[in-house]
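Colleague: This is a predicted model, with the sequence first.
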Amino acid sequence: MKLVVALGNIGREYAGTRHNIGFMTADILASRWGDADAWRKADNAAYLEKRMPEKCWVIKPTTYMNNSGAAVADFANFYHIPPEDVLVIQDDMDLPVGTLRIRRKGSSGGHNGLKSIERALGSQAYPRIKVGIGHPVHQEQAVISHVLHPFQGEDKEKIQEALEQAADAVEAWMQGADVGELMQRFNKKAPKKAAHEETKENAQ
């Protein structure tokens, strides 16, 4: 049994914003499966059940980003799903817009949704699909405005392509592809200025 966790914030005002990458990917998956209107409600999440071939859950936490771990704990604990079978879809400001990075494990990198999930699972050893949303100037208010702002222009085109690729990666993982296979297939070469940081992350 596997669990796919699509991170985002509930509410119309957050729809389509940079922080809702996970929700957007999950909606693409639901549309592909003909389940766009089939989301069911649990205490802390909206969810779909899918067999590909084993049973998989796709959830969108309804607790808001900072408490995403509550929804993860509900499913992971009840169904005894280990961290390595929990795949998280997240936004990442340290990657250029539309860039995908798949990782087998790692730190939260300051992402509040991941911090909450780490606390819930008691582990950092869960795979994640990171989708780049770009980074504004390093000021707290600018960062908050950035992640809660919709994509526009060229960025909107780039992100749509990236979301389709993220959905492809989720489906491949659900069908049994190893995270290493997904990394080889979907991870693009890092920009030169980020190469040193990627080396550090790979060494973790």
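Modeller: Arrived safely, thanks for sending.
Colleague: pretty sure residue 43 contacts residue 74?
Modeller: Yes. Counting by Cβ atoms under 8 Å, residue 43 touches residue 74, with 6.6 Å between them. The C-beta positions use only the backbone N, C-alpha and C, and glycine is treated the same way.
Colleague: Looking at the two, which one has more neighbours?
Modeller: Using other Cβ atoms under 10 Å, the more surrounded residue of residue 43 and residue 74 is residue 74, with 19 against 9.
Colleague: Residue 132 against residue 101, yeah?
Modeller: Yes. Here residue 132 reaches residue 101: they are 7.5 Å apart, a contact under Cβ under 8 Å.
Colleague: what's the overlap in contacts for the two?
Modeller: The contact sets of residue 132 and residue 101 overlap at 92, 95 (Cβ atoms under 8 Å, 6 or more residues apart in numbering).
Colleague: State whether residue 167 is indeed within a strand.
Modeller: No. With DSSP: H, G, I helix; E, B strand; the rest coil as the criterion, residue 167 is located in helix rather than a strand.
Colleague: okay but it is in contact with residue 30, surely?
Modeller: No. Contact criterion Cβ under 8 Å: residue 167 and residue 30 do not qualify, at 9.8 Å.
Colleague: for residue 48, what are its contacts?
Modeller: Contacts of residue 48 (Cβ under 8 Å, 6+ apart): 26, 29, 30, 33, 35, 38, 39, 40, 57, 58, 59.
Colleague: Look up the closest residue to the second one, ignoring the ones flanking it.
Modeller: What sits nearest to residue 29 in space, not counting adjacent residues and going by Cβ to Cβ, 6 or more residues apart in numbering, is residue 167, at 5.2 Å.
Colleague: Pull the contacting residues for residue 39.
Modeller: By Cβ under 8 Å, 6+ apart, the neighbours of residue 39 are 30, 46, 47, 48, 60.
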